[in-house]
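Asker: Return a 3D structure for these sequence lines:
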Amino acid sequence: MGTLQGSLGDERVVVTGELSELAELAEKGYGSLEGGALRLTLIEAAELARQGVLKVVDRGKPVETPELIELIARSNPEDFLRFLVYSDLRKHGRVLRVEPATPFLRLYPRGGRIGRSVAKSLVLPLSEDEPITHSELLDYVKYAGRLRRSLVMAVVDDEMNVTYYEATGFLPQPIGPPRIPEGLRVTGRLTHDRVIVWDPEKADALYAGGFWGHHIGVEKPRPKTPYRLPLQMSLFEALYLVEAGVLDVESPNGGLSADDLRRILSEVRRDAEARYLVFKRWRDLGYVAKPASKYGSDFMVYERGPGIDHAPYLCLVGRAESKITPVELIRAGRIATSVRKSLVVSVVAGDSILSYKLEWYKP
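Answerer: Down below sits the predicted model:
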C-alpha cells in the first residue's frame, strides 16, 4: 500500500484514494467508508501517520505527526491517553476501533477483521496516578459485562508504558457452611490490636476447627498438628467468632461485647467496617480468609485451608465512594500474578458487596 493523503477537517481526517486500499484499512479498523472516502478520527489518523501510511494536509499545508498528536492532546486529554493505548495495541498487531461517545477502545480477537469478527473486550485507558472511585470502575466492569465483553484496563505510566489487566464480574459461590468449631467455647484476651488465646488446648482446637488465628512462634502451622502453644487472632477473626458465640473476649476493664470489638476495630484498622463485611462474606461462604498485607491486599482467601491448598485469591477491599489510583491496582495485580493468584476487588456500598476479578492481560 502506498502513502495516502487525507484532509484535516472538524476533528476528522477525510482520506480519498483507491477504494480497495480504503476498504482494506476500514477492514483493519481504521475509520469508516462513507461516500467513497475514508473518515478517520484524529486518533486513527495520527497512528496511520506514525506508521508512514498517511500524510495529512490542512488547506494545502502538511500536518506532521507531532502536530496531530498535540491537536489530540489539546482537544481532549483523555483522547491523548486513548491515542497512546491505541498506538501501543496497534504495535502489538491488534485490530481495534475507537468506541464512539465512550471512553473505550473496542478490541477484536487476534487476527480478527471488522465485519468478520466480534469484539471481545472494551479497553479503558487510565493514567496511573489519576484517582478514580471504586464505583466508577465497577460501573465500567458492569457495562462491559452487559455487552458480553470483558473490560481491559490499560494503565499508562509517566514513560508512556502501558500495562493491561482484564476485569470481569465475579460472584464467589458457596463451598460449604461457615467453619465454626462445634461445641467449643474459648476465652481470649485483648492485647493491643489482637486477641490471644492462652489456653494451648483450646488454641489447638480453635485452629483445627476452621483455621482461626495463628499459633505464636509457628511460621507455617500444619493442619491437625497439636502445637500446645498460645494462638493470636486478628480482630476481624475475633469479632466473627464472638458473633458466632464461640469466643469470649476479656480486657483489663472486663468482658467485651461484639459492639465493643467493632468499635475497637474501627479505631485501629482503616476501613474496618467495609473490610469486616467482606471478611464475613468469605467466611459465611465457607472460605478461609487470612490477613494479606504482605501481599499488598486485605485478605488471602483459601478454599480448603493453609497448608492444604494454595489460596486462589487475594482480595482488595474498597468503599464505593472512595478513590483509588490505577497504579495501586496494578501493584496489587502484579503481586497476585507473581504468586499465581487472582486479584478480587470487592466494592462495598452500604451492606452490599460487588466484586470483580483482575488478571494480567497480554495484548
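
Asker: Could you pull up the contacting residues of the residue nearest to Tyr313 when sequence neighbours are not counted?
Answerer: Of all residues not flanking Tyr313 in the chain, Val301 sits nearest, at 4.2 Å (CB to CB, 6 or more residues apart in numbering). All C-beta atoms are positioned from the backbone trio N, CA, C, and that covers glycine. Residues near Val301 by CB atoms under 8 Å, 6 or more residues apart in numbering: 282, 287-290, 311-315, 344.

Asker: Also Ala23?
Answerer: Applying CB under 8 Å, 6+ apart, we find Ala23 in contact with Leu33.

Asker: check which helix or strand covers it.
Answerer: Taking DSSP states H and E as the criterion, Ala23 maps to helix 19-27.

Asker: Convert the C-alpha atoms of that helix to PDB, please.
Answerer: What follows is helix 19-27, C-alpha atoms only, in PDB (Å, rounded to 0.1, in the frame of the first residue of the first chain):
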ATOM      1  CA  LEU A  19     -11.400   2.200  -3.000                       C
ATOM      2  CA  SER A  20      -9.700  -1.200  -2.500                       C
ATOM      3  CA  GLU A  21      -7.000   0.400  -0.300                       C
ATOM      4  CA  LEU A  22      -9.500   2.400   1.700                       C
ATOM      5  CA  ALA A  23     -11.700  -0.700   2.200                       C
ATOM      6  CA  GLU A  24      -8.600  -2.700   3.400                       C
ATOM      7  CA  LEU A  25      -7.900   0.000   6.000                       C
ATOM      8  CA  ALA A  26     -11.600   0.000   7.100                       C
ATOM      9  CA  GLU A  27     -11.500  -3.800   7.500                       C
END
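
Asker: Go ahead and confirm Ala289 touches Phe299.
Answerer: Yes - when contacts are counted by CB atoms under 8 Å, Ala289 is listed as touching Phe299 (4.4 Å).

Asker: So the two - more neighbours on which side?
Answerer: Using other CB atoms under 10 Å, the more surrounded residue of Ala289 and Phe299 is Phe299, with 28 against 25.

Asker: Spit out the contact partners of that one.
Answerer: Applying CB under 8 Å, 6+ apart to Phe299 gives the contacts 275, 278-279, 282, 289-292, 314-315, 317.

Asker: what is it paired to in the beta sheet?
Answerer: Assessed by DSSP bridges, Phe299 has beta-bridge partners Pro291, Cys315.

Asker: ok, and for the helix holding Ala23, which residues are buried?
Answerer: Neighbour-count burial for helix 19-27, counted by 16 or more other CB atoms under 10 Å, picks out 22, 25-26.

Asker: Check the offset of it from the chain's centre.
Answerer: Relative to its chain's centre, helix 19-27 lies at 37 Å (CA atoms, centre = their mean, to the nearest Å).

Asker: Neighbouring strands of the helix or strand just after that helix in the sheet, and parallel or not?
Answerer: As assigned by DSSP H and E, the chain's next helix or strand after helix 19-27 is strand 32-34. Using DSSP bridges, the strands paired with strand 32-34 in its sheet are strand 37-41 (antiparallel).

Asker: in the partner strand, what's buried?
Answerer: For strand 37-41, by 16+ other CB under 10 Å, it's 37-41.

Asker: what does stretch 136-156 give?
Answerer: Using 16+ other CB under 10 Å as the test for burial, stretch 136-156 gives 137-138, 140-141, 144-145, 149-156.

Asker: can you check stretch 262-276 too?
Answerer: Those buried within stretch 262-276 under the rule 16+ other CB under 10 Å are 262, 264-265, 269, 271-272, 274-276.

Asker: Tabulate the residues you listed (JSON lines), appending pLDDT.
Answerer: Shown next, in JSON lines, are the buried residues of stretch 262-276 (pLDDT from 0 to 100):
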{"residue": "Arg262", "pLDDT": "97"}
{"residue": "Ile264", "pLDDT": "97"}
{"residue": "Leu265", "pLDDT": "97"}
{"residue": "Arg269", "pLDDT": "95"}
{"residue": "Asp271", "pLDDT": "94"}
{"residue": "Ala272", "pLDDT": "97"}
{"residue": "Ala274", "pLDDT": "97"}
{"residue": "Arg275", "pLDDT": "97"}
{"residue": "Tyr276", "pLDDT": "98"}
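
Asker: Tabulate these (CSV), appending secondary structure and distance to Val57.
Answerer: Listed next are these as CSV, based on DSSP: H, G, I helix; E, B strand; the rest coil; distance: CB to CB, whole Å:
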residue, secondary structure, distance to Val57
Arg262, helix, 68
Ile264, helix, 70
Leu265, helix, 66
Arg269, coil, 61
Asp271, coil, 55
Ala272, helix, 61
Ala274, helix, 56
Arg275, helix, 58
Tyr276, helix, 63
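
Asker: Widest-spaced pair of these?
Answerer: Ile264 and Ala274 (16.4 Å; CB to CB).

Asker: backbone phi and psi for the nearest residue to Pro221 once chain neighbours are set aside, please?
Answerer: If the residues on either side of it in the chain are set aside, Pro221 comes closest to His215, at 5.2 Å by CB to CB, 6+ apart. The phi/psi pair for His215 (degrees, to the nearest 10) reads phi -60, psi 130.

Asker: cool, Gly169 as well?
Answerer: Backbone dihedrals for Gly169, given as degrees, to the nearest 10, come out at phi -60, psi 140.

Asker: quick one, what contacts it?
Answerer: Gly169 touches 141-142, 145, 354-357, counting by CB under 8 Å, 6+ apart.

Asker: Then Lys357?
Answerer: Contact analysis of Lys357 by CB under 8 Å, 6+ apart lists 167-170, 342-345.

Asker: now Ser266
Answerer: Residues counted as contacts of Ser266 (CB under 8 Å, 6+ apart) are 272-273.

Asker: Before I go, just wanted to say thanks for your time.
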